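> Predicted structure and sequence below. I'll ask about it afterward.
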Amino acid sequence: MYVSTARVAHMYYELGMTQQNIANEVNVSRIQVSRMLQQARTEGVVKISIDYGGYYPELEEGLAKRYEGVSFVVGDSVDGSDSAIKRSVGVTCAQYLAQHLKTGATVAVGWGTTLREVGEAFTTDARELTFVPVVGGQVGAGLDVHANSIAELCARNSGGTALRMFAPAVAESKKARDVLAASLSVKQTLKAAAGAQTIVFSVGSPFGDYTTINKVGYFSEEEFANLKASGAACDLISIAYFDSNGKRCGAELSDRAVSISLDQLSAIPNKICAAGGPDKHQAIAIALDLGLIDVLVTDDVTARFLLG
């Protein structure tokens, strides 16, 4: 029986037969089948087309060359709306975590609407995961986007454990912050967060329409005005603010955050930032330039912005 490359290709690609089954069927060796499949691709009998569907390898590779030592996962910006981008970035980040978290890992989590999307989408086969809020969050509006809520959501969706931080994200004064941070419960949670192998967080402008710090209402209008006057362009979970040159600013507000320190965050081995959308472009670029991100999960429009 004459065996053409097209026949072998049909059996392999369309009928789903294994190379060994094809070899048995047409009475040739498996090695011959393998060679014929390669020939079919070389001669154009088989044309493989990949629908990337929100996967952008060229953007990921370009960003990795530009920001040495940083890994990138680029998802789709969908219709370009803030909610769609956050959902897309959140789902993509959840999938990344599911593939990379190991059983027994401790994961520190930040706050915000993007992180909420991560938690909503997160499932994994990893076991005995512990999720720890990196910043407090007990009072005020927007409880669903506080780090405590997100840690609990991730734990519930993965069968893991969540620690809680019984304190607001931002205290009324630095003195009040220090008192809260020294209490046994908060101190233990902060220690666990600082000792995490992985942290998942987001960054953004302090002044965007959809920012969490605006939503929860910790700062007065005067405090926001002072923060703006300081040149703040990047909000890192209220732990630190940076201006467009990457210089720290707004210390009178970040000093009130009931959270781990910037140095402690920087020391966490695997820093995963989930952020996208036009309002966050500058903040993401600042955080990358400062070396605060090991893995960036973002959208394709943001990726193109970062590539210039």
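Nice, I can see it. Numbering: from 1, shown residues only.
> so where do the strands sit in this protein?
71-75, 106-109, 130-133, 161-162, 198-201, 232-236, 240-243, 248-249, 270-274, 295-299 (DSSP state E).
> Check what contacts the fifth one and list those residues.
It stands for strand 198-201. 93, 97, 101, 105-110, 115, 118, 134, 193, 236-237, 265, 268-274 (Cβ atoms under 8 Å, 6 or more residues apart in numbering). Just so you know, the C-beta spots here come from the backbone N, C-alpha and C atoms, and that holds for glycine as well.
> Find the residue closest to Ile237 in space, skipping its chain neighbours.
Gly110 (4.4 Å; Cβ to Cβ, 6 or more residues apart in numbering).
> and the strands of the chain as TSV, adding mean neighbour count?
Formatted as TSV, the strands of the chain follow (neighbours: other Cβ atoms under 10 Å):
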stretch	mean neighbour count
strand 71-75	22
strand 106-109	27
strand 130-133	26
strand 161-162	18
strand 198-201	26
strand 232-236	25
strand 240-243	22
strand 248-249	18
strand 270-274	24
strand 295-299	27
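> Now render these as JSON lines, adding mean pLDDT.
JSON lines is the format used below for the strands of the chain (pLDDT from 0 to 100):
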{"stretch": "strand 71-75", "mean pLDDT": "95"}
{"stretch": "strand 106-109", "mean pLDDT": "98"}
{"stretch": "strand 130-133", "mean pLDDT": "98"}
{"stretch": "strand 161-162", "mean pLDDT": "96"}
{"stretch": "strand 198-201", "mean pLDDT": "98"}
{"stretch": "strand 232-236", "mean pLDDT": "96"}
{"stretch": "strand 240-243", "mean pLDDT": "97"}
{"stretch": "strand 248-249", "mean pLDDT": "97"}
{"stretch": "strand 270-274", "mean pLDDT": "98"}
{"stretch": "strand 295-299", "mean pLDDT": "97"}
